[in-house]
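Chemist: just to be clear, the model below is a prediction. Sequence and coordinates:
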Amino acid sequence: MIAASRLSGGSSRISLEAASPRYGEKAIVWVLAMCGVLSVLTTTAIVISLIGPSLNFFRQIPVLDFLFGTFWSPAIQPASFGVLPIVVGTLNVTLWGLLFAIPIGLGAAVYLSEYARPGVRKTIKPILEVLEGVPTVAFGFFAFAFITPLLQDVWPGFLGSGPNIFNAGAAGLAVGLLIVPTIASISQDAMMAVPGGLREGAFALGASKMRVATRVIFPAALSGIVAAIVLAFSRAIGETMVVLMAAGATPNMTLSPTEPIQTMTAYIAVTATGDIGTGTIEYDTIFAVGLLLFVITLVMNMISIRFVRKYREVYE
Amino acid sequence: MSQVPGTQRARLAAAGAQSATAEVMLGRRSIGDVLRGRLFHALLLLAIALAVIGLGMLILDALVEGQSRLGPELFTEGSAVSPADSGFKPAIYGTVIVIGGVVLMTVPLGVGAALYLEEYANRERWWNRVIELNIQNLAAVPSIVYGILGLAFFVRGPLDLGFVAFAGSLTLTLLVLPTVIIAAREAIRAVPPSIREGALALGATQWQTVRRQVLPASIAGIVTGVILAISRAIGETAPLLLVGAATLVTREPTDPFTDSYTVLPVQIFQYFSRAQEDYRILAAAGIIVMLIVLLLMNSFAIWLRNRYEQRW
């Protein structure tokens, strides 16, 4: 098409230049570009707002004491600022959440993509998408009012004493339930994008449905699946309300599902809503913990983007 | 055909062939294989059933616990001394004001950024790649970090607004912008280039092409993305705890720039945190109200997308 327009422009009397300078068009480009630049400004603002008070904090508490200290008690004297207990608390909830969500989410994705009849898929997929909109306070309530009593009832005695009224396990399961739709819907999209030819080829060679799903579709969709899991991981790390409502507020260095714990997010929320003055070291801990959280999710996300770029299969 | 996908494809084909040959060598499919296949199918069914039942139980549990408090007083009463006289009126006002601000700011900013990235930006330029990567990263930042940003920049710091609804609107706007931009870009990208080329060939300027052709053709996808983002903003609790919604509010806010405020999910959380059982029931009733609103919004958005999804 471009070539055609060049050919017809042979007579030099017709100018293809715009008749007027079109300042409006240029202004519009600038306005739209500013909308895009706003996102960069947001990141800059996040970094600035986190780093300022964090520097204040690290002037008083050495970075290594903060990162590797095993006792977290910023409010009670003598104050101690070892962040590991609330990092382990975050890992605790994330671990139980992912243990629940990865098999269920991937199973649901394989079912929807490879096994379900189109009618079933067209019903269940939108239901999962709609349920993605359930607010996190509802999950927190569910964890406290339903999952914890259930766990306490079915807890087998030989595993030791049952779950506390606030416990990491119930919060973890609720966070898992929260991220199941994310894992299921993104990895299903990745599996559906694998061209039918690969399936048909394997079937023609006599492979069973299960083999096609596990040996052909799964590896072919791997980059999308990993992206889904990393996104779910970030959401689990960043989840606040469920943990705040169901896991308690006790910094606790354990991976046990029965004990109360505190996560980084819950610490930030509790401390920021309490009565603390700006400029105190306790106020600065909010930002130091926030900075750590931000760096962790940023690194995870960059790894995920790299991974997807490197291993993405492009089918036409 | 490029090299890398080619070898990859060959590897996958070989894997399929290998597993197929293993079966063919056995002559017939062995009983063990058939059973394994059945078991796998059953496990997949179990997975999807657990997902749907788990989420269903969540809704059912809220209904069972909260149904005794469902009634008009939820919408006419505020936070009173006794749980029986308490409701969500100030919180609902607060949510409407905060979300109104979010809609007014998110729609132009989100669609503008998406149009810039899809229609104008030259991907060879480093600054455009920075913007793209940056938006991807922002979408994964935990919501509570936006709360910290709001606290440091809007409530205190440069804007110094105090704990008012507008600070909440700004915070939530930044939080949902990346998702709106990503959804709007996908909708805009789905419009085939021939539409643009046709308009440009007829002498339309680029902006005329965008406004009269691209935007109308992608509007269903954009609206779906906006509704999903707004419903996320309505349910968002953690960042608002940091920018002032956690204060006890007894009168409904009217001025977004001066009045202290609270929002529905934060009020639910606060009723939940009180000691008495009756407040927990009230919280469950609040959750039902929120679930009804959010699930209706999301259903509408998904319906809209499936209904108007254009295949070119």
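Modeler: Structure received.
Chemist: any part of the host helix or strand of residue B:95 near chain A?
Modeler: In the assignment (DSSP states H and E), residue B:95 maps to helix B:89-115. Yes: contact of helix B:89-115 with chain A (C-beta under 8 Å from any C-beta of the partner chain) involves B:108-110, B:112-113, B:115. Every residue, glycine included, has its C-beta placed from N, CA and C.
Chemist: pull out the buried members of those residues.
Modeler: B:109-110, B:112-113, B:115 (16 or more other C-beta atoms under 10 Å in any protein chain shown).
Chemist: quick check, nearest of the residues you listed to residue A:178?
Modeler: Of all those, the one sitting nearest residue A:178 is residue B:110; the distance, using C-beta to C-beta, is 24.4 Å.
Chemist: report the spatially nearest residue to that closest one, omitting neighbours in sequence.
Modeler: Leaving aside its sequence neighbours, residue B:110 sits nearest to residue B:180 (C-beta to C-beta, 6 or more residues apart in numbering or on different chains; 3.3 Å).
Chemist: re the thing from before, against which helices or strands is the helix holding residue B:95 packed?
Modeler: For helix B:89-115, the packing partners by 3 or more C-beta pairs under 8 Å, 6 or more residues apart in numbering or on different chains; DSSP states H and E come out as helix A:23-60, helix B:73-76, helix B:165-189, helix B:215-235, helix B:264-273.
Chemist: OK, contacts around the closest residue to residue A:47 other than its chain neighbours?
Modeler: Residue nearest to residue A:47 in three dimensions, not counting chain neighbours: residue A:294, with 8.0 Å by C-beta to C-beta, 6+ apart. By C-beta atoms under 8 Å, 6 or more residues apart in numbering or on different chains, the contact list for residue A:294 reads A:46-47, A:50, B:141-142, B:145.
Chemist: any idea how far residue B:278 is from residue A:294?
Modeler: Here residue A:294 is placed at a distance of 39 Å from residue B:278 (C-beta to C-beta, to the nearest Å).
Chemist: residue A:301 and residue A:115, how far apart?
Modeler: 32 Å.
Chemist: more neighbours, these two?
Modeler: Legend: neighbour count by other C-beta atoms under 10 Å in any protein chain shown for residue A:301 and residue A:115, higher for residue A:301 (22 against 17).
Chemist: so which of the helices and strands packed on helix B:89-115 gets nearest residue B:56?
Modeler: Using C-beta to C-beta, the nearest of the helices and strands packed on helix B:89-115 to residue B:56 is helix B:215-235, at 18.1 Å.
Chemist: how about the closest one and chain A, touching?
Modeler: Yes: applying C-beta under 8 Å from any C-beta, one finds helix B:215-235 in contact with chain A at B:228, B:231-232, B:234-235.
Chemist: so the residue nearest to residue A:47 is in which element?
Modeler: With DSSP H and E as the criterion, residue A:294 is inside helix A:281-311.
Chemist: return the distance of stretch A:163-183 from the chain's centre.
Modeler: 14 Å (C-alpha atoms, centre = their mean, to the nearest Å).
Chemist: low-confidence ranges, the chain, go.
Modeler: Went with chain A since none was named. Within chain A, the ranges that satisfy pLDDT under 70 run A:1-13, A:313-316.
Chemist: my question was about chain B
Modeler: For chain B, the ranges with pLDDT under 70 are B:1-6, B:19-29, B:310-312.
Chemist: domain ranges for it?
Modeler: For chain B, automatic domain parsing gives the domain ranges B:3-68, B:73-308.
Chemist: so the helix or strand hosting residue B:241, near chain A or not?
Modeler: Secondary-structure element containing residue B:241, defined by DSSP H and E: helix B:238-242. Yes: on the criterion C-beta under 8 Å from any C-beta, helix B:238-242 is in touch with chain A at B:238, B:241-242.
Chemist: spatially nearest residue to the closest residue to chain A within the stretch 51-200 of chain B (excluding sequence neighbours)?
Modeler: Chain A sits closest to residue B:142 of the stretch 51-200 of chain B, with a gap of 2.5 Å, by C-beta to the nearest C-beta. Nearest non-adjacent residue to residue B:142, counting by C-beta to C-beta, 6+ apart: residue A:238, 2.5 Å away.
Chemist: list the contacts for the one you found?
Modeler: A:265, A:293, A:297, B:141-145.
Chemist: next, the contact list for residue A:81, please.
Modeler: A:61, A:65-66, A:69, A:72, A:74, A:285.
Chemist: hmm, which of those residues are the buried ones?
Modeler: A:61, A:66, A:69, A:72, A:74, A:285.
Chemist: just put those in a markdown table and tack on distance to residue A:251.
Modeler: A markdown table is the format used below for the buried ones among the contacts of residue A:81 (distance: C-beta to C-beta, whole Å):
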| residue | distance to residue A:251 |
| --- | --- |
| A:61 | 16 |
| A:66 | 14 |
| A:69 | 11 |
| A:72 | 4 |
| A:74 | 9 |
| A:285 | 12 |
